[in-house]
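Visitor: what follows is a predicted structure for the sequence shown.
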Amino acid sequence: MVRRLMRRTVDDLRLENKALSDLRDANIRKIEALQREVTALSAAAPATILERMERERRDGNEVLAIRALIRGFEAFASDIGRITHELALHHLSTLPQMPRTGLAKAERFARIAVLCQPDDRDRQYLLAEIIEIKADRQDPKGADAVEFDDDEAALEALFGVDVDVPTLVVRLCDSCHLNLVAGYYRSAERLALRAVFTARGRLGPSASLTLTARYWHTAALSFLGRYDEALDAVEALLPLEERVKGAEHPNTLNTRYLRASILHDLGRSDEALDAVEALLPLFERVEGAEHPDTLTTRYLGASILRDLGRSDEALDAVEALLPLHERVKGAEHPDTLSTRGLRASILRDLGRSDEALDAVDALLPLAERVKGAEHPDTLSTRSLRASILRDLGRSDEALDAVEALLPLEERVKGAEHPDTLSTRSLRASILRDLGRSDEALDAVEALLPLEERVKGAEHPDTLTTRSLRASILHGLGRSDEAHESLQALLPRMAACLPINHPLMRSAQALLTQLEKEQAAIDQSKSVL
């Protein structure tokens, strides 16, 4: 018994010694790897690179000197590009307070970022956006704040260094709001995120201002089309606001509105409508029937009705809302213009395309003057106009409009923003109408994976693009593929859309047509 225990102890010690030996060897390998990494970093340091360049030049090796510079630049280009891109975004976010200084610094850093990584599309679009803003603001007027040449002085003037934390957070949130109104959604998101970090770290995670900062960050995510992130954020925020501020506090009601809006953007229109119908009486009681927030909630309800295919109800809602908007907010208020755009969309859905085009043609110059020619809302109005032209059979004009619009949307909203993807879908449908079915199919095949990733496989827009694909296949004579596609698609539509939704009716009509055509073919074969 004692021998057995001693043998086990010896065996255990051998195993333990082997484990320690293996651990020592592993640690030695890690140390050697770290030493190699330190050596490589030292060799790549800018000072070392310049020393090597000078040494090679002294030795008459100009080719090796230039090669050292190129390799050194490549080693740092990615990090420098990221740093300067972030600085460009920061300075762009300061435009409402410092239109000249902020724009000049944003352009400088954006150019460096593009130089470091010339194939990065986000950086190309950012530089193009800055250049466009610069062209529009050669002589900016109405700047309320003094401008500074020094970065630190500019930051102090804009956000404050010696000010108390609550004031700093409020200023950040106000700047976020200004950027959202101006259509600078990326800058707004970064400002709001800075506000969240500042408030959470200095005031605490449950402080009222921390919740306000989180609200603005969530709103910015929504404007950017990052709807899944926005929904996660609002779902986490809402219980905290109800506990800290109260279930019927105006801020809590606005957060509930934001949640309903995000659900709508995600294509979850039934849930969104339930949320709006529960929220509207609260807004009317707490803030008043004609309060701007109440009117905005009514606008959202009308928009959801439209997406649910209840266009007659949506039009009634908008017709009742528009005079209130004009009286309470003003005839040229951005929200009033958005309501006019919604009315035009509903008229189009109802087949009243001539009226819709007249409405859009009257609206577009106002939107360009009030919001700006490249404001995201103005671009959406241009997309609506192209859709109406297509419905009217003016496909060549519609295609010209879309081809001019797409590069702007990619630059202003982003290449994968949901609105940009919708415009790409519109372009594919116009190509189909023009008989350019092969091009249309290529466009749809490239678009579908993006829509499934960005919007979701069950989103109404994604289902619309799938239905368009089936229609294109049918036009190409590939009826079996079209039939198979529709048979797989219709159950998914039935799970997501009302039974009488126009998209459901359209897909069902195409399936019926395909089956009739196949029956006619089968009958002719049997006769033969």
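Guide: Sure, I can see it. Residues are numbered from 1 along each chain as shown.

Visitor: name the nearest residue to Ala344, sequence neighbours excluded.
Guide: Ala359 (4.0 Å; C-beta to C-beta, 6 or more residues apart in numbering). Quick note: C-beta positions are derived from backbone N, CA and C, even for glycine.

Visitor: my error: substitute Leu421 in the last question.
Guide: Spatial nearest neighbour of Leu421, chain neighbours left out: Glu451 (5.4 Å); criterion: C-beta to C-beta, 6+ apart.

Visitor: ok, now Arg214?
Guide: Counting by C-beta to C-beta, 6+ apart, Arg214 lies nearest to Leu237, which is 5.1 Å off, once chain neighbours are set aside.

Visitor: now do the contacts for the one you found.
Guide: Neighbouring residues of Leu237 by C-beta atoms under 8 Å, 6 or more residues apart in numbering: Leu211, Arg214, Tyr215, Thr218, Thr255.

Visitor: before we move on, the earlier item: what about the residue nearest to Ala344, how many neighbours?
Guide: 22 (other C-beta atoms under 10 Å).

Visitor: that one touches Leu342, doesn't it?
Guide: No: counting by C-beta atoms under 8 Å, Ala359 does not reach Leu342; the two are 10.2 Å apart.

Visitor: please parse the chain into its domains.
Guide: Domain ranges of the chain: 1-44, 452-528, per automatic domain parsing.

Visitor: could I get these as JSON lines with mean pLDDT?
Guide: As requested, those are exported to JSON lines (pLDDT from 0 to 100):
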{"stretch": "domain 1-44", "mean pLDDT": "62"}
{"stretch": "domain 452-528", "mean pLDDT": "86"}
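
Visitor: still on that earlier bit, dihedrals phi and psi, the residue nearest to Leu421?
Guide: Backbone torsions for Glu451, taken as degrees, to the nearest 10, come to phi -60, psi -40.

Visitor: so it versus Arg190, what's the distance?
Guide: Distance of Glu451 to Arg190, computed by C-beta to C-beta, to the nearest Å: 27 Å.

Visitor: who has more neighbours, the two?
Guide: Between Glu451 and Arg190, Glu451 has the larger neighbour count (other C-beta under 10 Å), namely 24 against 20.

Visitor: contact partners for that one?
Guide: Neighbour list for Glu451: Leu421, Ser425, His459, Asp461, Thr462, Thr465 [criterion: C-beta under 8 Å, 6+ apart].

Visitor: what count of nearby residues applies to Arg348?
Guide: 23.

Visitor: of the contacts of Glu451, buried ones?
Guide: By neighbour count, with 16 or more other C-beta atoms under 10 Å, the contacts of Glu451 hold Leu421, Ser425, His459, Asp461, Thr462, Thr465 as buried.

Visitor: how about the helix or strand hosting Asp400: buried residues?
Guide: According to DSSP states H and E, Asp400 maps onto helix 395-412. By neighbour count on 16+ other C-beta under 10 Å, the buried set for helix 395-412 is Ser395, Ala398, Leu399, Ala401, Val402, Leu405, Leu406, Leu408, Glu409, Glu410, Arg411, Val412.

Visitor: surely the fourth one meets Arg385?
Guide: So the one you mean is Ala401. Yes: the pair Ala401 / Arg385 is scored as a contact, 6.5 Å apart, by C-beta under 8 Å.

Visitor: just name the shakiest helix or strand of the protein by mean pLDDT.
Guide: Least confident element among the helices and strands of the chain, by mean pLDDT, DSSP states H and E: helix 151-159 (a mean of 51).

Visitor: any idea which helix or strand comes after it?
Guide: For helix 151-159, the succeeding helix or strand toward the C-terminus, using DSSP H and E, is helix 165-182.

Visitor: quick one: average pLDDT of whichever helix or strand comes after that following helix?
Guide: Going down the chain from helix 165-182, the next helix or strand is helix 185-203, by DSSP H and E. For helix 185-203, mean pLDDT rounds to 86.

Visitor: list of residues touching helix 185-203?
Guide: By C-beta under 8 Å, 6+ apart, helix 185-203 touches 89-90, 92-93, 95, 126, 165-166, 168-169, 172-173, 175-177, 179-180, 207, 209-210, 212-214, 216-217, 219-221, 223-224, 376, 413.

Visitor: for it, buried residues please.
Guide: In helix 185-203, counting by 16+ other C-beta under 10 Å, buried: 185-196, 198-200, 203.

Visitor: okay, the angle between the helix or strand containing Val114 and helix 185-203?
Guide: In this structure, Val114 sits in helix 99-116 according to DSSP H and E. Here the directions of helix 99-116 and helix 185-203 differ by 100 degrees (axes from the mean of the first three to the mean of the last three C-alpha atoms, to 10 degrees).
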